[in-house]
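Novice: need a structure here:
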Amino acid sequence: MKVLVADQFEKSGIESLQAAGCDVICRPDLKDEALTQAIAETGADVLVVRSTKVTAAMLDAGRLSLIVRAGAGYNTIDVAAASSRGIYVSNCPGKNAIAVAELAFGLIVALDRRIPDNVAELRAGRWNKKEYAKARGLYGRTLALIGVGSIGREMIRRAAGFGMNVVIWSRRFDGERRPLSDLEARDLGVDAAARAITIELAPTPADAVARADAVSLHVALAPETRGLVDAALLAAMKPGAIVINTARAEVVDHAALAAAVKARGLRVGLDVYAGEPSSGTAEFHEPLAALPGVYGTHHIGASTDQAQDAIAAETVRVIRTYKETGRVANVVNLARRTPATHMLVVRHRDRPGVLAHVFSHLRQANLNVQETENIVFEGAEAAVARINLDGEPPAALCAQIQSESHDVLDLQLVRL
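Specialist: Next up, the predicted model:
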């Protein structure tokens, strides 16, 4: 199996892929047309990327069957194009959660104590203790989490360490304003230490942020979250509140955020931006990041040695499993529900051509097979095939399938 690595990737991951018998082509600087050409020339089966964009033209260039995003988000991959071509898209969820949570909380602390400004003044030869001795402090304050996946859970643990109470808005909960139940806490992996603080659910994002001294965003980019943090939501925040975005730039209306920084004194920590450079170093001018009270980092949320080692190991696991079993872990583009309406259960002798006989008749009836499973009994004399169809096969067709093959022992039809 050929694996094309078209982004920065840990050496340990490359060595592990090679040890698994993969032919690894590592060209981390490939982008755009050069990547399209490399996919065609190498004939790679698997493509590994991080922030590199993967387009429909790239998918048409070669024989890719799997794309692995060595990270959590996959918005840089044309998933719809991959789905229409039968190409798996997989990711490595949760492996960078600790790293992102560490940066997000670091930005909260930095904004509260104005650490970067302290450093800048000292480097410029100015002593200004009178100014920088002013800080609100975090203990007893409230942190709002907009989204509570793997990163949000790590944020709760860190909030507990700082003695901050937490209010959560997430689509996974029921929209009530109430304390987190013990069962929900267990589902989130909230440990005993975190239970020492107050953790509550909010029915809406506006309700959550209105109660918070700091707000941290941890939602995936989707049509319903694009522009979620707009002027109305920002207006619901307390004056001087801290806003952290280590998720996706498109979740926030940056123009509205800049206006809120100027008018209401919001303090902002950003790790993601619209139109980020695709290379590691480049000229980049983000007006929002230049505002007083805004601290920006260089999209480094997942960039710790620990996170990269964990992501590399998970990427290797996904590819090795695919190579050895044909199954793909963490697939993001399989249909949650197929158009199947009926299941044809075929008990048959385990002989060559039996299922081909069944499928031929289904094809003649213009019935499409959505999913199929064939279970072989001990001794390999008989098997049962479960065939999900997009329509109901007529009784006459079922009778014909059974009568024309002595190896078809029984047919049953189940409505799904």
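
Novice: next one: the helix or strand containing Ala385 to chain centre, how far?
Specialist: Following DSSP states H and E, one finds Ala385 within strand 382-389. Computed by Cα atoms, centre = their mean, to the nearest Å, the chain-centroid distance of strand 382-389 equals 34 Å.

Novice: Show me what whichever helix or strand comes after that strand packs onto, helices and strands only.
Specialist: Once the chain leaves strand 382-389, the next helix or strand it forms, by DSSP H and E, is helix 395-403. Under the contact criterion of 3 or more Cβ pairs under 8 Å, 6 or more residues apart in numbering; DSSP states H and E, helix 395-403 touches helix 354-364, strand 408-415. Where C-beta positions appear, they are placed from N, C-alpha and C, glycine not excepted.

Novice: among these, which is the most enclosed?
Specialist: The highest mean neighbour count among those, using mean count of other Cβ atoms under 10 Å, belongs to helix 354-364: a mean of 15.

Novice: Which strands or helices does that one pack on?
Specialist: Against helix 354-364 (3+ Cβ pairs under 8 Å, 6+ apart) you get strand 342-349, strand 369-376, strand 382-389, helix 395-403, strand 408-415.

Novice: And for Asn118, the neighbour number?
Specialist: Asn118: 15 surrounding residues under other Cβ atoms under 10 Å.

Novice: how deep is Ile151 tucked in, by neighbour count?
Specialist: Neighbour count of Ile151, defined by other Cβ under 10 Å: 26.

Novice: what do you get for the one 5 residues further on?
Specialist: A total of 26 residues lie near Ile156 under the criterion other Cβ under 10 Å.

Novice: so what's it up against?
Specialist: Under the criterion of Cβ atoms under 8 Å, 6 or more residues apart in numbering, the contact list for Ile156 reads 145, 148, 166, 188, 190, 194, 199.

Novice: Tell me how far the nearest residue to the fifth one once chain neighbours are set aside lies from Ser83.
Specialist: By the measure of Cβ to Cβ, 6 or more residues apart in numbering, the closest residue to Val190 outside its immediate chain neighbours is Ile156, 5.8 Å from it. Between Ile156 and Ser83 the distance is 34 Å, computed by Cβ to Cβ, to the nearest Å.

Novice: Same question for Ala19.
Specialist: 31 Å.

Novice: Look at those two and report which has more neighbours.
Specialist: Counted by other Cβ under 10 Å, Ala19 and Ser83 do not tie: Ser83 has more neighbours, with 15 against 10.

Novice: which residues touch that one?
Specialist: 89, 333.

Novice: and with 10 Å instead?
Specialist: Contacts for Ser83 (Cβ atoms under 10 Å, 6 or more residues apart in numbering) come out as 89, 332-335.

Novice: Could you single out the nearest of these to Val251?
Specialist: Val332 (18.5 Å; Cβ to Cβ).

Novice: which other residues reach stretch 403-416?
Specialist: So stretch 403-416 is contacted by 337-338, 340-355, 357-358, 361, 370, 382-386, 388-389, 392-393, 395, 397-399, 401-402 (Cβ under 10 Å, 6+ apart).

Novice: Make a PyMOL selection of the buried ones in those residues.
Specialist: Filtering those down to the buried ones (16 or more other Cβ atoms under 10 Å) takes a single PyMOL command:
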select buried, resi 340+342+343+344+346+348+354+355+357+358+361+370+382+383+384+385+388+389+393+397+398+401+402
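
Novice: hey, which helix or strand in the protein has the poorest pLDDT?
Specialist: helix 182-187 (a mean of 80; mean pLDDT, DSSP states H and E).

Novice: quick one: buried residues of that helix?
Specialist: For helix 182-187, by 16+ other Cβ under 10 Å, it's 184-185.

Novice: CA atoms only for that helix, dumped as PDB, please.
Specialist: Provided in PDB are the C-alpha atoms of helix 182-187 (Å, rounded to 0.1, in the frame of the first residue of the first chain):
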ATOM      1  CA  ASP A 182     -24.300  13.000  37.700                       C
ATOM      2  CA  LEU A 183     -25.000  10.800  34.600                       C
ATOM      3  CA  GLU A 184     -24.100  13.600  32.200                       C
ATOM      4  CA  ALA A 185     -21.000  14.400  34.200                       C
ATOM      5  CA  ARG A 186     -19.900  10.700  33.900                       C
ATOM      6  CA  ASP A 187     -20.600  10.800  30.200                       C
END
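
Novice: How about Asp207, nearest residue that isn't a chain neighbour?
Specialist: Using Cβ to Cβ, 6+ apart and skipping the chain neighbours, the partner closest in space to Asp207 is Arg177 (6.3 Å).

Novice: Model confidence score at that neighbour, please.
Specialist: Arg177 carries a pLDDT score of 88 in this model.

Novice: before we move on, what about Ala194?
Specialist: pLDDT at Ala194 comes out at 68.
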